Structure formats: structure tokens, C-alpha cells
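>>> Turn this into a model:
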Amino acid sequence: MQTKTRTFTDKIWLVLKGLAMGAANKVPGVSGGVVAFVAGFYEEFITSLQKFNGKALRLLLNGRFKSFWAYINGKFLGLLILGMLISYFSVSLLLDLALQYYPLYVWSAFFGMIIGSIYYIGKDFENWNRQMILFTILGVIVGVSISLLEPAQENDHLLFVFFCGIIGVSGMTLPGLSGSFILILLGNYVLLLVDSVNALYTTLIDIVTLDFSFSDDPEQIRLLKVLLVFAAGSLTGLVTLSHFLGYLLKRFKNNTNAVILGFITGSLGVVWPWKEAKFKEVAGLEILDANGNRILENYIRIFPTEITLKNILAIIFIALGIVLVVALGKYGNKTKVHG
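Here you go, the predicted structure:
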């Protein structure tokens with residue numbers, strides 16, 4: 001793969017795209033892979049991840065770091081990952097607050113973004129055939145089936161956490177399959193994407209202020225271990241899934257895109273804006289985790305029956321989400337032409 005020459009503006013946009021992917025991965029029901037797909041860099045992303053192979057390892061072990069960096073398209077991946085890291089300590093935290101105080105508007109915006117993604121991906125399908133229709137329906141069925149599953153209990157066993165990393169990163173590589181929603185189903189969303197990330201954030205602040213007392217806090221050390229194992233699983237999942245998806249895109253591109261379209265369509269139920277959170281209870285009392293947070297059990301979907309200001313604003317946010325994705329898609333097309 002020939003490395004593209006990128007201007008300073010291109011590099012800033014890549015960081016912003018990584019930031020958008022990181023934010024999307026944090027929201028249950030939304031896939032960071034959709035951002036990559038619509039923004040026009042999905043195939044380059046998958047192809048770059050495929051470069052983590054035996055040849056890359058040999059270059060690294062032989063000390064040929066510059067050749068290794070060029071071979072894996074390091075500038076591209078590095079800028080994307082930088083954006084994702086920034087997102088986890090900025091936009092993701094803001095999304096947590098927005099979901100807490102303005103859930104209807106956040107879900108509405110993402111619902112619109114998914115509708116826009118369905119339009120954007122589907123409009124390029126010129127020659128529909130029975131096989132593609134079948135694969136699309138299959139994707140929809142799988143997406144809907146996943147949305148109807150009941151969440152499991154939290155499990156901090158490190159082997160299970162590693163598995164969660166492999167599965168949870170699927171949202172970055174497979175558009176329409178939400179990694180964060182899968183983590184909810186596995187019971188570890190709060191542990192891995194809230195508690196552990198907050199523990200890392202607190203630890204970094206402690207280190208900067210030369211306060212190392214966290215080393216005597218068993219709970220903080222536990223969460224840091226969990227985050228490290230989760231990150232290792234995520235890296236493993238990124239590399240292995242990218243090889244599998246790269247093979248499918250090379251051999252069965254139309255059918256693979258049809259399944260992706262189905263996944264995205266099937267995920268609409270997860271991000272339906274009008275819903276109420278149901279938290280776990282025992283004998284009418286809510287169960288709290290170790291940090292005093294309520295434990296999400298599932299969402300009860302409702303249909304708006306009144307014309308209110310909140311519902312009107314929700315529809316406006318849906319429209320804004322659609323417009324945002326269409327605009328992002330047009331920018332992605334320009335990038336492909338001039339890249």
C-alpha cells in the first residue's frame with residue numbers, strides 16, 4: 001500500500017475523525033466503524049491494521065523502526081489513535097454527562113446519524129440481486145437479535161476482560177455492530193468504559209501532581225489492571241478482525257457491504273430516542289455498583305404520542321444527525337478524489 005502524502009489540514013482532520021470514532025464507540029448502539037465507512041477511510045483503516053503481521057514483526061525486531069512505521073501506515077493509524085485517546089478523556093466524558101442530563105437529544109442525534117449512514121451506504125448499491133438482499137436481511141436479523149438480548153452480570157476476571165476487549169473492539173472494525181452495546185450485554189460496560197477509564201484519568205492526575213498514594217489503593221490498582229488487559233484484548237481484536245474483514249472485502253465486497261448495511265439497520269432499535277432506562281432492582285430497591293452508580297438492566301422503548309417542545313427538538317436533532325452524516329460522506333468522497 002502506497003502511503004499518502006498528507007497536508008497539515010489532512011492530519012488535523014484525521015485526528016478529528018479518530019475523535020469521532022472514539023466518541024461513537026462510547027455510545028451504546030453506535031459503531032465507530034460507521035464513522036470510518038461514511039468518512040471514506042474504512043478500507044484504508046482495515047488495510048493498515050492488516051499490516052500487523054509477520055513482516056511487521058521482523059522489521060520491528062531488526063530495529064528497522066522507520067521501515068516498520070511506513071509499512072503499517074503509521075502516520076495514518078497514529079493520528080487516528082491519537083484522536084481516539086483524546087476522545088476518551090474529553091468528548092466521551094461530555095457524552096456521559098449529555099446522556100445523563102439530555103438523553104433524548106443525544107439518542108435522537110445518533111438515531112439520525114444511523115439513518116444517514118443507511119442512506120449513504122445504500123445509495124451506492126447499483127446492482128441489487130437476490131444474494132445481496134438475502135445478506136442484508138441476515139444482517140438486519142442479527143442486529144435486531146443482538147438488541148433484544150438481556151445483559152449479563154459484571155465479571156472482572158481478567159481472562160473474561162481480555163475476551164471483552166476482543167469482542168468490544170468490533171464496533172471499530174465492523175460498522176453497525178456496537179462494541180459498547182455488546183459490552184452492556186456482557187455486563188462489563190460500566191467496568192470497562194466508565195470505572196476503568198475514570199481510574200486511569202485519576203491516576204494520570206495523581207502522577208502529574210507527584211501523588212503516588214494510588215499505589216496503596218487496591219481498588220484503583222484493580223481497575224488499572226482491568227483496563228490494561230482490556231486494552232490488550234482490544235489490540236488483539238483489532239488485528240485479528242481486520243485480517244478477517246480485509247479478506248471478506250477483497251473477495252466478497254458487495255455481500256460484505258450488504259451485511260454491514262443490515263447490521264446498521266438492525267441497530268436502529270438500540271438507539272431509538274424515546275425510551276426509559278430500567279435499572280436492576282431487588283425487592284423494589286435499586287442495586288448499586290461499588291461506586292454507588294445504578295446498574296443498567298435494559299431500555300424500555302416508548303412511542304411519543306404528544307406534540308411537545310422536547311419531542312419537536314428531538315426530531316430536529318434527528319434531522320441534524322442525518323445532515324451531519326451526509327455532509328461527512330461528501331467530504332469523504334472529496335478526500336478519496338484528492339487523496
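>>> What separation is there between the residue lying closest to residue 233 once chain neighbours are set aside and residue 183?
Nearest non-adjacent residue to residue 233, counting by Cβ to Cβ, 6 or more residues apart in numbering: residue 165, 2.1 Å away. C-betas here are computed from N, CA, C, even on glycine. According to Cβ to Cβ, to the nearest Å, residue 165 stands 10 Å off from residue 183.
>>> Quickly list what's touching both of these two.
By Cβ atoms under 8 Å, 6 or more residues apart in numbering, residue 165 and residue 183 have these common neighbours: residue 192.
>>> give me the element the residue nearest to residue 233 is part of.
Using DSSP states H and E, residue 165 maps to helix 158-168.
>>> tell me what that helix is packed against?
In this structure, helix 158-168 makes packing contacts with helix 179-185, helix 218-251, judged by 3 or more Cβ pairs under 8 Å, 6 or more residues apart in numbering; DSSP states H and E.
>>> just the ones you listed: most buried one?
helix 179-185 (a mean of 22; mean count of other Cβ atoms under 10 Å).
>>> can you list contacts of that helix?
By Cβ under 8 Å, 6+ apart, helix 179-185 touches 25-32, 146-147, 149-152, 164, 167-172, 189, 192-193, 267, 270, 296.
>>> Next secondary structure after the worst-scoring helix or strand of the chain on mean pLDDT?
The helix or strand of the chain with the lowest confidence, counting by mean pLDDT, DSSP states H and E, is strand 296-301 at a mean of 70. On the C-terminal side of strand 296-301, the nearest following helix or strand under DSSP H and E is helix 309-338.
>>> just checking, what packs against that following helix?
With contacts taken as 3+ Cβ pairs under 8 Å, 6+ apart, helix 309-338 sits against helix 32-39, helix 103-122.
>>> rerun that using 10 Å as the cut-off
helix 8-26, helix 32-39, helix 42-50, helix 103-122 (3 or more Cβ pairs under 10 Å, 6 or more residues apart in numbering; DSSP states H and E).
>>> I'd like those helices as a markdown table, with mean pLDDT, distance to residue 58 and mean neighbour count appended.
Formatted as a markdown table, the helices and strands packed on helix 309-338 follow (pLDDT from 0 to 100; distance: least, Cβ to Cβ, whole Å; neighbours: other Cβ atoms under 10 Å):
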| stretch | mean pLDDT | distance to residue 58 | mean neighbour count |
| --- | --- | --- | --- |
| helix 8-26 | 83 | 27 | 20 |
| helix 32-39 | 80 | 28 | 27 |
| helix 42-50 | 87 | 16 | 21 |
| helix 103-122 | 85 | 37 | 22 |
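>>> These: which one's closest to residue 324?
helix 103-122 (6.2 Å; Cβ to Cβ).
>>> Just the CA trace of that closest one, in PDB.
Extracted as PDB, the C-alpha positions of helix 103-122 are listed here (Å, rounded to 0.1, in the frame of the first residue of the first chain):
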ATOM      1  CA  PRO A 103     -30.600  11.500  26.800                       C
ATOM      2  CA  LEU A 104     -33.500  12.200  24.400                       C
ATOM      3  CA  TYR A 105     -31.500  14.700  22.300                       C
ATOM      4  CA  VAL A 106     -28.300  12.600  22.300                       C
ATOM      5  CA  TRP A 107     -30.100   9.400  21.200                       C
ATOM      6  CA  SER A 108     -32.000  11.500  18.600                       C
ATOM      7  CA  ALA A 109     -28.800  12.800  17.100                       C
ATOM      8  CA  PHE A 110     -27.300   9.300  16.800                       C
ATOM      9  CA  PHE A 111     -30.600   7.900  15.500                       C
ATOM     10  CA  GLY A 112     -30.400  10.400  12.700                       C
ATOM     11  CA  MET A 113     -26.800   9.700  12.100                       C
ATOM     12  CA  ILE A 114     -27.600   6.000  11.600                       C
ATOM     13  CA  ILE A 115     -30.400   6.800   9.200                       C
ATOM     14  CA  GLY A 116     -28.000   9.000   7.300                       C
ATOM     15  CA  SER A 117     -25.500   6.100   7.300                       C
ATOM     16  CA  ILE A 118     -28.000   3.700   5.900                       C
ATOM     17  CA  TYR A 119     -28.800   6.200   3.100                       C
ATOM     18  CA  TYR A 120     -25.200   6.900   2.400                       C
ATOM     19  CA  ILE A 121     -24.100   3.300   2.200                       C
ATOM     20  CA  GLY A 122     -27.200   2.100   0.400                       C
END
